[in-house]
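Asks: Give me coordinates for this.
(2 chains)
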Amino acid sequence: MTSTPSIAPRLQPGEAGNWGPERRSDVHVRIEPREHDGSEIVLESRVKAYYGESITTQAQQVLEQLHVENAYVAIHDEGALPFVISARIEAAVKRAGLGDGYRALPERIAIPPVSARDRMRRSRLYIPGNEPKYFINAGLRHPDGIILDLEDSVHPHEKDAARLLVRNTLRAVDFGTCERMVRINQLPLGFADLEEIVPELPNLVLLPKIEQAEQVMQVADHIERIKNRAGIERPIWLMPILESALGIENAYPIATASADIVAMTIGLEDYTADLGIVKTAAGAECLYARQRLVNAAHAARIQAIDSVYGDVADMEGLKHWGLNARAMGFEGMGCVHPLQISVIHEAFAPTATEIEKALRIVAVFEEAQEKGISVVSLGSKMIDPPVVQRALRLVSRARAMGLLPQNGMS
Amino acid sequence: MPTQEIEYKLRLEENAAGRLVPTIANGRVQVPYMGVGQYKPAGRKAAPPIRSAADYPQNGDKRVPDLETALRCCGLRDGMVISSHHHLRDGDRVALMALQAAAQLGVKELMWFPSASFPSQVGAIQLMENSTIHHIEGSMNGPLGDYCTQGKMRGMGVLRSHGGRWQAVQDGEVHIDVAVIAAPTADAFGNTDGSHGKSACGSLGFALADSIYADHVIVVTDNLVPFPCVPWQIQGNNVDYVVQVDSIGDSSKIVSGTTQITRSPDRLLIGEYVARFIRAAGIMRTGFSFQAGSGGIALAFVDHLKRLMKQDGVKARFVRGGSTKYLVEFLEEGLTDYILDGQTFDLDAVKSIASDARHVVTSPFTSYNYHGKGNFASMVDVVVLGATEVDVNFNGNVVTHSDGRLLHGIGGWQNCLAAGCTILAVPSFRDRIPVVVDQVTTLAGPGELIDVVVTERGIAINPRRQDLIGAIKDSGLPVRPIQDIKAEVERICGGKPTAPRRCDHAVAIVKWVDGTVLDTIWKISSST
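Replies: Down below sits the predicted model:
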């Protein structure tokens, strides 16, 4: 990015963030640029007795990083964590037309490892990208993935602020073993999202409302450009979301549009809206689209991931949906509430009978290998290589889910 | 005995917990905390004066027209101690009514001795300003707590546990001159029941000591029934006067509002960890017992434990309330033989007490009293409590915010620490303020009695409890050293918080269950 510090700043105020008695973990910042007199920071905070000085110092540093020299800054803090405070100040500064070309990045925690192309993706928890209170504890129930969402859960007027918040979250929040995902906006807005988030190494980017392979290619190219510029070599995986009749029709070309695609998923709310029909609990109206997606994904050798189950109070319905999805060939689904995670993990776990059968197949196969026998049979049935492959995969998944000891065959 | 009027210069002494505590409070010599179970005073217990039935109406009708008359008949005068109970919680009208009646009589310098005070009793501030009340010995929070921590109260606040209040009455540390007992149902003789009437609140256990040991006892009711009032939780034989009023309280506030399961996924997780811990540690077995408070996390724990007990076919022998509908479900679904109830938090529980003989009313005497020949608290297998802070030595704070402002009463919290396994179930930080800290701001419970700290970021077990550490080794629960959790929390919150600024002016003391002084609450400089 190029900076244009030579242009005289327009003296317009900028504000960002939220405050009020019902707010938690957020902060509201108002910046009033002025011609001279340096910067003055006025703080109100429910944690002022504990972190008042720390917040003021941090605000000063952020202003310096953004090259803001003269401004009146009013901060209403509701117990926001430091990475949130930075993001809100930066958003306010930029809305005031200042700080262009500069970033106020919080300290980065240890860089999380690259995720395996075919890692478990049973559950991915959606976190609204402009709601800081949900970030810090998102990983506590160990979803396989956490999606910091910049798209539908963020109001159109807050896209710029959410982008900075999500960027800072990627830098500063430890999500443990969860795969770190970001759902960007549709293009062209999505390009601006990528500029901020790609340098912070998300494991995976979700692309909403994909209808054509070209859309995926555009995103992949843009990511590649940013990676090259920043010297990033590790992969950033892609997961297109199909949410329309056209998207479903183009499922296979989309699934094969980039080598970085590891999974493909479906958005049933938008899909049914596109068809002008009502989404039902049983979901018969979506069956074709889901089957089509599963088939295309498997043909492209990527994971098929199901939509979300929207009724957070209905755990029985969720379980039923999950069991059905697994039986159809999906490897996971989305979560809109943390309490859905364990139900989904249970639904996508192989049954004891399946594990036992797989273990027997693997044992017979290994025995045959040792003896140099090429034809493998179990009881009266011949076992083909794909069957062995499936059994091996099931055993390794069961192990990853903690359903089997970590080493040793049985 | 007349109150000693000699002014002592405040002297501070370090107690066995390393805390600086005053040796005199409100003109009384105080014993610094000596350690758990170390202080054993001798002598005879306090007792009320001898009375003669000949002095009371033969027809049993002890009614007088109003509270002023009753207080005048009790001989209320300057400097006396007037007590009240808090079973009506934030809905109580009787305590203030009595204090205001005292003001009408022109009585000054009273000590108010509530079993707890509530924000709706903010009117007590005005009564302190006009010298009707000299000071309060009892829990203070909200506006009353601020008034005290800003150093505006003339006497020193004294915070006692429910058991400690009984101890103080029994060993003569506090002598109640007049007890005013709000009665959801009563007869003209003074027999009193809490579980019936439009202002029903269930148990009246907190008023029991007052009824037995006070010089004079006034019962105030809005539901007068013909003799006999059954059951009589308070015996009319201890009562001097009965006053009838339109309303003893706002029944919509009698249930406190803290009696819903939390909806926060993180706090639900804490409740789930607690329940799983109790099962994994082998505590959850048929015939066991537990106690949990009324907070959102405690209720989440109770709800999850219920699921695990059903799964494993386990039945408890008794559970201890603070009772709520969630505990009542245990009784109704056959998951426990008894509820031993100290206070009643919602209307389902009030109804259950009134109708189910297995839902038993208890008092701090049976449950918590240090001067009893034992009490129930130490017989409970596991107790789950909240806290505002817990430190790396497992010391707990339940009475002040991290900045030293009064927040909660001690309640039964200290007494419950005697259970077989004491678990603090707390978020690791609230609003960026760490809960797991280096040292608690105010010491309310010694770490040697706190066995487990369960947070959303992991479970820390007190190294004193190697048995528990061994028992849950292979449970898959996220057990971590408490230092580890503290370090993570400080990292998240952006460093340690600034320590509170305080003056060297003691405004209240925290008593241990035996009457010794465990810690001091200091005046907060008014700028914060």
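Asks: Could you check how far B:Asp303 is from chain A?
Replies: For B:Asp303, the distance to chain A under the criterion CB to the nearest CB, to the nearest Å works out to 13 Å. The C-beta positions use only the backbone N, C-alpha and C, and glycine is treated the same way.
Asks: Report the next helix or strand after the strand or helix carrying that residue in sequence order.
Replies: With the criterion set as DSSP states H and E, the secondary-structure element containing B:Asp303 is helix B:296-312. Under the assignment DSSP H and E, the closest C-terminal helix or strand after helix B:296-312 is strand B:316-323.
Asks: Domains of the chain: list them as residue ranges, please.
Replies: Answering for chain A, as no chain was given. Using automatic domain parsing, the domain ranges for chain A come out as A:14-95, A:123-347, A:352-400.
Asks: please go with chain B instead
Replies: Chain B breaks down by automatic domain parsing into domains covering B:60-253+B:506-524, B:265-499.
Asks: Am I right that B:Lys325 is in contact with B:Thr344?
Replies: No - contact between B:Lys325 and B:Thr344 fails when scored by CB atoms under 8 Å: they sit 10.7 Å apart.
Asks: Residue of the stretch 101-250 of chain A nearest chain B, please.
Replies: Per CB to the nearest CB, A:Asn137 is where the stretch 101-250 of chain A lies closest to chain B, at 4.8 Å.
Asks: That residue: how many residues sit nearby?
Replies: By other CB atoms under 10 Å in any protein chain shown, 21 other residues sit near A:Asn137.
Asks: Next, find the distance separating it from B:Lys152.
Replies: For A:Asn137, the distance to B:Lys152 equals 39 Å [CB to CB, to the nearest Å].
Asks: for B:Ile339, same thing?
Replies: Distance from B:Ile339 to B:Lys152, counting by CB to CB: 41 Å.
Asks: Counting neighbours, go ahead and name the busier of the two.
Replies: Shown here are B:Ile339 and B:Lys152; by other CB under 10 Å, B:Ile339 has more neighbours (25 against 14).
Asks: Residues of chain B that sit close to chain A?
Replies: Counting by CB under 8 Å from any CB of the partner chain, chain B comes close to chain A at B:265-266, B:268-269, B:402-403, B:430-433, B:456-457, B:476, B:492-495, B:497-498, B:500, B:528.
Asks: Show me where the chain dips below the pLDDT cut-off.
Replies: Unless you meant another one, I'm taking chain A. Segments of chain A classed as low confidence (criterion: pLDDT under 70) are A:1-10, A:406-410.
Asks: my bad, the chain I had in mind was chain B
Replies: Scanning chain B for pLDDT under 70 picks out B:1-9, B:255-259, B:526-528.
Asks: Excluding chain neighbours, give the residue nearest to residue 66 in space.
Replies: You didn't pick a chain, so chain A it is. Once its chain neighbours are removed from consideration, A:Leu66 has its nearest residue in A:Gly99; the separation is 3.5 Å (CB to CB, 6 or more residues apart in numbering or on different chains).
Asks: sorry, should have said chain B
Replies: B:Val243 (6.2 Å).
Asks: Can you tell me the number of residues neighbouring the closest residue in space to B:Gly293 that isn't next to it in sequence?
Replies: Spatial nearest neighbour of B:Gly293, excluding adjacent residues (CB to CB, 6+ apart): B:Gly322 at 5.6 Å. In terms of burial, B:Gly322 registers 25 neighbours under the definition other CB under 10 Å.
Asks: if I pick B:Phe376, what's in contact with it?
Replies: Residues counted as contacts of B:Phe376 (CB atoms under 8 Å, 6 or more residues apart in numbering or on different chains) are B:320, B:340, B:362, B:366-368.
Asks: Repeat the analysis, applying 6 Å as the threshold.
Replies: Shown in contact with B:Phe376 (CB atoms under 6 Å, 6 or more residues apart in numbering or on different chains): B:366-367.
Asks: How much space separates it from A:Ala349?
Replies: Remark: distance between B:Phe376 and A:Ala349 (CB to CB) = 44 Å.
Asks: where's the nearest residue to the residue of the stretch 101-250 of chain A closest to chain B once chain neighbours are set aside, which helix or strand?
Replies: Setting aside the residues directly before and after it, A:Asn137 is nearest to B:Asp266 in space (CB to CB, 6+ apart), at 4.8 Å. Mapping B:Asp266 onto the secondary structure by DSSP H and E places it in helix B:265-280.
Asks: Who are the packing partners of that helix?
Replies: Packed against helix B:265-280 by the contact rule (3 or more CB pairs under 6 Å, 6 or more residues apart in numbering or on different chains; DSSP states H and E) you find helix B:296-312, strand B:421-425, strand B:452-455.
Asks: Partner strands of the shortest one, with direction?
Replies: Here strand B:452-455 has these sheet partners by DSSP bridges: strand B:421-425 (parallel), strand B:458-461 (antiparallel).
Asks: can you map out the strands along the stretch 51-200 of chain B?
Replies: Counting by DSSP state E, counting those that start in this stretch, the stretch 51-200 of chain B forms strands over residues B:63-64, B:81-84, B:110-114, B:133-136, B:157-159, B:178-183, B:185-186, B:192-193, given from the N-terminal end onward.
Asks: deepest of those, which one?
Replies: Among these, ranked by average contacts under mean count of other CB atoms under 10 Å in any protein chain shown, first place goes to strand B:178-183 (a mean of 31).
Asks: Please enumerate residues in contact with that one?
Replies: Taking contacts as CB under 6 Å, 6+ apart, the residues outside strand B:178-183 that touch it are B:74, B:76, B:82-84, B:88, B:94, B:98, B:192, B:207, B:210, B:214, B:216-221, B:248.
Asks: Ok, stretch A:331-349 next?
Replies: Outside stretch A:331-349, the residues within contact range by CB under 6 Å, 6+ apart are A:121-126, A:141, A:143, A:303, A:305-306, A:308, A:312, A:315, A:318-319, A:322-323, A:325-326, A:401, B:265.
Asks: can you do 7 Å?
Replies: Contact partners of stretch A:331-349, identified using CB atoms under 7 Å, 6 or more residues apart in numbering or on different chains, comprise A:121-126, A:141, A:143-144, A:303-310, A:312, A:315, A:318-319, A:322-323, A:325-326, A:401, A:403, B:265.
Asks: I'd like the list of these that fall within helices, please.
Replies: For the contacts of stretch A:331-349, membership in helices holds for A:315, A:318-319, A:322-323, A:325-326, B:265, with DSSP state H as the criterion.
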